[in-house]
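1. I need the structure of the sequence given here:
(one chain, ligands or ions: 2)
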Amino acid sequence: MELIALGFDSWFEDHAKELVKPEQSIARVIAVDRGRCIVNDGFREISAVLLGKYLHEIESPADFPCVGDWVSVEHHDSDAFASIHAILQRKTLLRRKTAGREIEFQMIAANIDTAFIVQSCRFDFNIRRLERYLVMVNEGQIEPLILLTKTDLISPDELELLMANIRSAGINTQIIALSNVTGSGIEQVRALMAAGKTYCLLGSSGVGKTTLINRLVGKAELETKSVSATGEGRHTTTRRQLIMLEDGAMLIDMPGMRELGMVGDSEGIDESFSDVVELIANCRFADCSHSNEPGCAILMAIENGELSEDHFQNYLKLNKESDFYQMSHHEKRKKDKAFGRHIKSVMKHRDKY
Ligand SMILES: Nc1nc2c(ncn2[C@@H]2O[C@H](COP(=O)(O)OP(=O)(O)OP(=O)(O)O)[C@@H](O)[C@H]2O)c(=O)[nH]1
Ligand SMILES: [Zn+2]
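-> Ligands and ions are numbered 1, 2, ... in the order given. Model (predicted):
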């Protein structure tokens, strides 16, 4: 198997040029288990650990490799294990807010091309939640796609209404409606999954993600869920987290990644609420509060049914959360200037290898 099959492309190649030294090779992280990774270099899967020196320079969770990362590795003991020397720049990044007094991000997975945001037509359907997932996915530069499951439980008319609700909330993301029971729509999902691209499924518990994955993966692959690898005389078994489908598309699936804490940066929000942003830009008052000004573009749009009031309120709410995040993040940065130091140490590290 070539690296291309794992999703390596010219974008990563460009970013790898100066980072990867002659004695090193490039591999993709397909599983992570407490600091130990399993990487695939296009030929085999091997156990890999972070280089001690690199470990020393780690300052934030973002510095650890996560599933989907491209890394530069050096093989040891005739390929029994490898050491990870650097992480290639991430094209996309899925991360979530971790609970706690300070707002921190936990890295979930890297270099996902498309995230399927899954909701059930029947029990889980919620536009606000959909918007929140869209913000998170957009923020990570990942392409979103909406999957509505369990269409077998509603009538075609009801489905049409759901779709119309999504559209009238200003969400223009592609939607595929499917049923894991009848199989309708499954081929549509399969057909748009391209070889060499990486996908994931996000959504609440019970919406049918596991069932869909099983359908997409096929039985043969399921049995190879666990990968064993020998490193330093130790035997580790890690659940495989990046799954190669038969037609060459990849699916990242791991426990705990599917439901995300919700906060986005303002850019992600703007992308998901482009209709609101456009209206605000057209509002004739520069510092309009969009609450009572006569002639306000937002109020007029709500009045004449162009914009849903709920949608606008959700936009305000997400922005408020985002402001809060930006503030605490900024203050944290100021405190220890760790970010700047980190950049420097990475540059230094680069020169050494
Ligand atoms: N009627 C119907 N039931 C479905 C469909 N897809 C899944 N189910 C059922 O819904 C339940 C939950 O499905 P799962 O695939 O486990 O849901 P999940 O999203 O993986 O949930 P977590 O594993 O908790 O994240 C199961 O009983 C499935 O059989 C569907 O399209 N139609
Ligand atoms: Zn206004």
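
2. C-alpha from now on. contacts and neighbour counts both.
-> OK.

3. ok, now how distant is the residue lying farthest from the centre of the chain from ligand 1?
-> Largest separation from the mean C-alpha position in the chain: P294, at 41.2 Å (CA atoms, centre = their mean). For P294, the distance to ligand 1 under the criterion CA to the nearest ligand atom, to the nearest Å works out to 46 Å.

4. Tell me if that residue really is in a strand.
-> No - judged by DSSP: H, G, I helix; E, B strand; the rest coil, P294 forms no part of a strand; its state is coil.

5. Around ligand 1, which positions in the stretch 51-200 of the chain sit nearby?
-> Where the stretch 51-200 of the chain comes near ligand 1, counting by CA under 6 Å from any ligand atom, the residues are 149-150, 152-153, 179-181.

6. from these, which two are the most distant?
-> The distance between the two most remote of these (CA to CA) is 10.9 Å, for L153 and N180.

7. Between those two, tell me which one has more neighbours.
-> A direct count of neighbours by other CA atoms under 10 Å for L153 and N180 places N180 higher, at 19 against 15.

8. What is the burial count for A286?
-> By other CA under 10 Å, 9 other residues sit near A286.

9. following the longest strand that the chain contains, which helix or strand comes up?
-> Using DSSP state E to assign secondary structure, the strand with the most residues in the chain is strand 25-33. The helix or strand immediately downstream of strand 25-33 is strand 36-40, counting by DSSP states H and E.

10. circling back: quick check: of the residues of the stretch 51-200 of the chain next to ligand 1, which has the highest neighbour count?
-> Of all these, the most densely surrounded is T149 (27 neighbours; neighbours counted as other CA under 10 Å).

11. Those residues of the stretch 201-350 of the chain touching ligand 2, which are they?
-> Near ligand 2, the residues belonging to the stretch 201-350 of the chain are 288, 290, 296 when assessed by CA under 5 Å from the ion.

12. Closest to ligand 1 out of those?
-> The shortest separation between ligand 1 and any of these is 38.4 Å, and it belongs to H290 (by CA to the nearest ligand atom).

13. residues contacting the closest one?
-> For H290, the set of contacting residues under the criterion of CA atoms under 8 Å, 6 or more residues apart in numbering consists of 296-299.

14. Q188: neighbouring residues, count only.
-> There are 12 residues near Q188, going by other CA under 10 Å.

15. Then N40?
-> For N40, which is what you asked about, the neighbour count (other CA under 10 Å) is 22.

16. cool, and the one 10 residues further on?
-> Applying other CA under 10 Å, we find 19 residues neighbouring L50.

17. In which helix or strand does the nearest residue to it once chain neighbours are set aside reside?
-> Closest residue in space to L50, ignoring its immediate chain neighbours: I84 at 4.7 Å, by CA to CA, 6 or more residues apart in numbering. When secondary structure is defined using DSSP H and E, the element that contains I84 is strand 81-87.

18. Counting by contacts, list what the helix or strand following that strand packs against.
-> Next along the chain after strand 81-87, taking DSSP H and E as the criterion, comes strand 93-98. For strand 93-98, the helices and strands in contact under the criterion 3 or more CA pairs under 8 Å, 6 or more residues apart in numbering; DSSP states H and E are strand 104-110, helix 127-139.

19. ok, and what's touching the helix or strand following the last one?
-> Just to be clear, that refers to helix 127-139. Elements were assigned by DSSP H and E; along the chain past helix 127-139, the next helix or strand is strand 143-149. The contact list for strand 143-149, computed with CA under 8 Å, 6+ apart, reads 113-121, 134, 137-138, 173-180, 207-208.
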